[in-house]
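Undergrad: Build the 3D model from these lines:
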Amino acid sequence: AVVSTQSTGTIQALLLLLVYSSWKEYFKSALHWIDIISILPFYLRLAAGSYFKQVGGFRVLRLIRLLRVMKLFRHSRGSQTMMTFLFASLPEIMLLLLMWSIGVLLFGPLIFFIEHAHGENDFRSAFSGMWFCVVTIGTVGYGDLSPSTNLG
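TA: Residues are numbered from 1 along each chain as shown. Next up is the predicted model:
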């Protein structure tokens, strides 16, 4: 399956390179660079053999293959509308994330110290208190942590 995916990506990249009027225009597109970088680890592994498995930095290059899905966005009117909406709402989204972060950073350690003062509990560190705040603010909670005091 990996070989067929890589050969399909290679054939696609080569055909696009041949169809373009100039190579300069082809290499100006970020999406074409994503294609090239996404098939590069396959050929590096073929060339380097077992040495390639020892180098962990190339694993990141394999993740770039996921960016090829972004090429589908330009054909979907709904996804273009969604991206326009997200970019227009970026200041409000950033404000929401800022307020959420303040809540987590303020109430996470607070609940840890409140629960820690009353003896045995689920909160082992301030980070576990922050995790409790993240889960409680973002969802209805997992149930893995729960306060045992009335103040908590």
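Undergrad: C-alpha from now on. contacts and neighbour counts both.
TA: Fine.
Undergrad: top helix in the protein by residue count?
TA: Longest helix in the chain by number of residues (criterion: DSSP state H): helix 90-117.
Undergrad: What is that one packed up against?
TA: helix 126-138 (3 or more CA pairs under 8 Å, 6 or more residues apart in numbering; DSSP states H and E).
Undergrad: now the helix it packs on: how far from the chain's centre is it?
TA: With CA atoms, centre = their mean, to the nearest Å as the basis, helix 126-138 stands 20 Å off its chain's centre.
Undergrad: repeat for stretch 90-101
TA: 18 Å.
Undergrad: Show me what that stretch is in contact with.
TA: Ile137 (CA atoms under 8 Å, 6 or more residues apart in numbering).
Undergrad: So for that stretch, mean pLDDT?
TA: For stretch 90-101, mean pLDDT is 94.
Undergrad: Check stretch 27-36 too.
TA: 77.
Undergrad: what ranges of this protein fall below the confidence cut-off?
TA: Counting by pLDDT under 70, the chain shows low-confidence ranges at 1-6, 49-71, 141, 152.
Undergrad: what about His116, how many neighbours?
TA: Neighbourhood size, His116 [other CA atoms under 10 Å]: 17.
Undergrad: so it sits right up against Phe123, yeah?
TA: Yes: judged on CA atoms under 8 Å, His116 makes contact with Phe123 at a distance of 7.2 Å.
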